[in-house]
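Chemist: predicted structure and sequence below. I'll ask about it afterward.
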Amino acid sequence: MTAVASGHAASQPAGRTGWMVVAGLLALYVPTYFDLYQTFWKTGRSVQGPVILAWVAWLVWRNRAALCQPFHAVSRAPAIAMFAFGLLCYALGRSQSFIQLELFSQLPLLLGLAWLLLGSMGLRALIFPVAFMVFVIPVPGTLLDELLLPLKQLVSAIVDNGLHAVGYPIARNGVVLMIGRYDLLIADACSGLNSMVALTGMGLIYTYVVGRRSRCHNALLLMSVLPVAFAANVIRVIALLLTTYYFGDAAGRAFHSSAAWLEIVLAFAGFFAVDHLLGWVGAVRGRAKLRSPALGHAL
Amino acid sequence: MSRDVTLPRIRAWNTTHIVLGVVMLATATGVELVQPRPVPLSAQISLAQVVPAQFGDWKEVASGADQVDPTRSAAEEPSMDRPYDDVLMRAYGNSRGEVVLLALAYGRNQRQEVKIHRPDVCYTAQGFQLVSRSRVLMPLSGGGGQPVEGMRMLVKAPGRLEAVSYWIRIGEVYTDNAWAIRYHIFQQGIAGRAVDGVLVRASQIVPGSESGVGIAANAASAERYGVQERFLGELVRALPPSARHLLIG
């Protein structure tokens, strides 16, 4: 959000008053992010959040040229309505400690602000980066409880069968995995829906950033986002289990906190691999198409 | 709509900036003022003091079994959820040799993301497997009072089968539906009222259940639910009215 504000400050002669907008934004969202840090980020339930924010900042920076365009005034009513809607969401979310609504309010509020202060060009330049902030919103606990158990069961079943197949002494009881003499509970943080959501967000950002020309390529890349995120999750749990198995409980616990980063790296490697595989397949097929008429002649 | 006009913007004082800034600052401060405030902690009565060590046929005994901590929801996130201000765990025995484990957990400020943990979540998080769980109406106050909506739950772990009866009161609702609870908290919050909540849980370990969960174990646990409900009813009636409202609103 500061990126938006500074983009704006650079774009037009903000004079002596631009800082007031920045101050307003900070007053609204510094407490929000502080709470988010306290309740979700600090406990490792979603380390992916800051990574998403970094991406958003980078995307805004990448589009900065569009923010410096000459300014055209739009009719102000829709922009003001959008901003006001954001403010309302914020007020409800914050006063009722409903952090999802509070975080969601950033979208209409920032876009409304951009529209008002930077015009429709500014709005267009920011709409995608700001929309990606949706993935910073943690999944509500209620939904987590409902959706998480099947996901946890699936992850532990895959891990159990996979490791068993390659000869590890592993057994499973519900969501408790026993490897060697250790019992490991596949807790929320391990097969977190939160991390799945955030990884999906990163996949979408990746697709947006690379922006291949072929629609088919983009569609296939988008479709691979969820499976890749899931696979990254499974690999993370396996890595955690094997660390515990070979190096003991303490090592496993130490690894647990950094495992989220491993997951991000894995997911990106996955997106990258799928992207390049698709590119390669596309190139091969393109060449085959070129060659086939000649082939027909030869026959 | 799109009457695009280039504005003469080279002004040092931009009214739009000032208005937007002031509106945002006002919202940020205003919102902090309207947040629902819970009852101050000092006005609360301590559960350990108010829950009698003896009532009816029941008497506090030293607990032989380790009790499942109601405040833990998952193995490695102790710092996150702190919805409790007071927790009481005791074991009671009666003249027929029945032992009931009692767990009370009270929090004066229930929020959207920080609420009393459901026992099915905290038992499974501590390695138990859920065998069965069903809703039940408990006619606690005996005569005229409203029965509360509670749950019967059977959980197992290696070498242990436990029959559990509980209810969770959040504000005025006892429902198991998390969305209804969220709605209740939201509704009360809009009216400026903080919502308190309590978990009332009675449980018994079913002996001779190491072999697994058979028909005999099911019958044994069914009998225990009756004991637990009578126990909880007597407990509620034994409390002074000021403390009773903590448990049944």
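Modeler: Yep, it's here. Numbers count the residues shown, from 1 in each chain, chains lettered A, B, ... in the order given.
Chemist: can you pull the contacts of B:Met24?
Modeler: Taking Cβ atoms under 8 Å, 6 or more residues apart in numbering or on different chains, we find B:Met24 in contact with A:Val21, A:Ala23, A:Gly24, A:Leu25, A:Ala27, A:Leu28, A:Leu87. (C-beta placed from N, C-alpha, C; glycine too.)
Chemist: mind listing what the second one touches?
Modeler: It stands for A:Ala23. B:Gly21, B:Met24, B:Leu25.
Chemist: for chain B, just list every one of the strands.
Modeler: Taking DSSP state E, the strands of chain B run over residues B:5-6, B:54-55, B:58-61, B:86-93, B:99-107, B:129-138, B:148-157, B:160-170, B:197-205.
Chemist: now these in JSON lines, with distance to B:Ala238, mean neighbour count and mean pLDDT?
Modeler: Converted to JSON lines, these look like this (distance: least, Cβ to Cβ, whole Å; neighbours: other Cβ atoms under 10 Å in any protein chain shown; pLDDT from 0 to 100):
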{"stretch": "strand B:5-6", "distance to B:Ala238": "77", "mean neighbour count": "9", "mean pLDDT": "49"}
{"stretch": "strand B:54-55", "distance to B:Ala238": "4", "mean neighbour count": "14", "mean pLDDT": "90"}
{"stretch": "strand B:58-61", "distance to B:Ala238": "9", "mean neighbour count": "16", "mean pLDDT": "90"}
{"stretch": "strand B:86-93", "distance to B:Ala238": "11", "mean neighbour count": "18", "mean pLDDT": "89"}
{"stretch": "strand B:99-107", "distance to B:Ala238": "12", "mean neighbour count": "22", "mean pLDDT": "90"}
{"stretch": "strand B:129-138", "distance to B:Ala238": "16", "mean neighbour count": "15", "mean pLDDT": "86"}
{"stretch": "strand B:148-157", "distance to B:Ala238": "16", "mean neighbour count": "21", "mean pLDDT": "88"}
{"stretch": "strand B:160-170", "distance to B:Ala238": "17", "mean neighbour count": "23", "mean pLDDT": "90"}
{"stretch": "strand B:197-205", "distance to B:Ala238": "13", "mean neighbour count": "24", "mean pLDDT": "91"}
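Chemist: TSV for the ones you listed, including distance to chain A?
Modeler: Compiled in TSV, those are given as follows (distance: least, Cβ to the nearest Cβ, whole Å):
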stretch	distance to chain A
strand B:5-6	5
strand B:54-55	35
strand B:58-61	31
strand B:86-93	20
strand B:99-107	13
strand B:129-138	5
strand B:148-157	9
strand B:160-170	13
strand B:197-205	14
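Chemist: ok, of the contacts of A:Ala23, which one's closest to A:Ser97?
Modeler: Of all the contacts of A:Ala23, B:Met24 has the smallest distance to A:Ser97: 19.7 Å, by Cβ to Cβ.
Chemist: next, work out how far apart B:Leu235 and chain A are.
Modeler: Counting by Cβ to the nearest Cβ, to the nearest Å, the gap from B:Leu235 to chain A is 29 Å.
Chemist: bridging residues for the residue nearest to that residue when sequence neighbours are not counted?
Modeler: Spatial nearest neighbour of B:Leu235, excluding adjacent residues (Cβ to Cβ, 6 or more residues apart in numbering or on different chains): B:Phe55 at 6.5 Å. Beta bridges link B:Phe55 to B:Trp58 when assigned by DSSP bridges.
Chemist: out of the contacts of A:Ala23, who's nearest A:Leu154?
Modeler: For the contacts of A:Ala23, the nearest to A:Leu154 is B:Met24 (43.9 Å; Cβ to Cβ).
Chemist: from B:Thr16, how far off is that closest one?
Modeler: 12 Å (Cβ to Cβ, to the nearest Å).
Chemist: same check on B:Leu246?
Modeler: From B:Leu246 across to B:Thr16, the span is 52 Å (Cβ to Cβ).
Chemist: more neighbours: these two, which one.
Modeler: B:Leu246 (22 against 16; other Cβ atoms under 10 Å in any protein chain shown).
Chemist: show me the contacts for that one.
Modeler: B:Ile45, B:Leu47, B:Val50, B:Tyr106, B:Asp196, B:Val198.
Chemist: does the fourth one touch B:Tyr84 like I think?
Modeler: Yes: between B:Tyr106 and B:Tyr84 there is a contact under Cβ atoms under 8 Å: 6.8 Å.
Chemist: could you dump the strands of chain B to JSON lines with distance to B:Ile190?
Modeler: Shown next, in JSON lines, are these (distance: least, Cβ to Cβ, whole Å):
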{"stretch": "strand B:5-6", "distance to B:Ile190": "42"}
{"stretch": "strand B:54-55", "distance to B:Ile190": "39"}
{"stretch": "strand B:58-61", "distance to B:Ile190": "42"}
{"stretch": "strand B:86-93", "distance to B:Ile190": "27"}
{"stretch": "strand B:99-107", "distance to B:Ile190": "20"}
{"stretch": "strand B:129-138", "distance to B:Ile190": "28"}
{"stretch": "strand B:148-157", "distance to B:Ile190": "24"}
{"stretch": "strand B:160-170", "distance to B:Ile190": "16"}
{"stretch": "strand B:197-205", "distance to B:Ile190": "18"}
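Chemist: so what's the backbone phi/psi at A:Leu240?
Modeler: phi -60, psi -40 (degrees, to the nearest 10).
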